[in-house]
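1. My questions concern the predicted model and sequence given below.
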Amino acid sequence: MSKKKQSMVKKIDLHGVRHDRVKSILIRGIEDVWDTNTKVEIITGHSPEMKKIAKEVLKEYRLEYEEGEEGDLLNTGYLKTTI
């Protein structure tokens, strides 16, 4: 019997986090799973500033990302990437 390798999903929930702490939390979360092929969901809520900071960190690490689910225009309060 072959075992399928399950990819991990790490969620980083930024609800209630002050904007000045977002970058350090994301850096720690990214580096914890760096080079492990882990799917990461960054829950930003609908704060434009929170999303902006999160996107800047992802760009610094040269990570591609998607906003929300494809085809789900109502729930765009998170970013998805694979590290």
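-> Sure thing, it's come through.

2. Let's check: the centremost residue of this protein is which one?
-> By C-alpha atoms, centre = their mean, the mean C-alpha position of the chain lies nearest to residue 42, the distance being 3.0 Å.

3. and that one, what are its bridge partners?
-> Following DSSP bridges, residue 42 is listed with bridge partners residue 12, residue 79.

4. Mind jotting down where the helices sit in this protein?
-> 19-32, 48-60 (DSSP state H).

5. Of all those, which one is nearest residue 38?
-> helix 19-32 (8.9 Å; C-beta to C-beta). Using the backbone N, CA and C atoms, a C-beta is placed for each residue, glycine as well.

6. which outside residues touch the closest one?
-> Surrounding helix 19-32, the residues in contact under the criterion C-beta atoms under 8 Å, 6 or more residues apart in numbering are 10, 12, 14, 17, 40, 42, 49-50, 53-54, 56-58, 61, 63, 83.

7. And the buried ones among these, selectable in PyMOL?
-> To isolate the buried members of the contacts of helix 19-32 in PyMOL, using 16 or more other C-beta atoms under 10 Å:
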select buried, resi 12+14+17+40+42+50+53+54+57+58+83
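
8. and of the contacts of helix 19-32, the nearest to residue 34?
-> Closest approach to residue 34 among the contacts of helix 19-32 (C-beta to C-beta): residue 83, at 5.9 Å.

9. quick revisit: which one of the helices of the chain lies closest to residue 76?
-> Checking the helices of the chain against residue 76 by C-beta to C-beta gives helix 48-60 as the closest, at 8.5 Å.

10. helices or strands next to that closest one in the packing?
-> Judged by 3 or more C-beta pairs under 8 Å, 6 or more residues apart in numbering; DSSP states H and E, helix 48-60 is in contact with helix 19-32, strand 78-82.

11. same thing but at 6 Å, please
-> Here helix 48-60 touches helix 19-32, going by 3 or more C-beta pairs under 6 Å, 6 or more residues apart in numbering; DSSP states H and E.

12. per-residue confidence averaged over the helix it packs on?
-> Mean pLDDT, helix 19-32: 96.

13. Could you do stretch 64-71 as well?
-> Stretch 64-71 shows an average pLDDT of 77 in the prediction.
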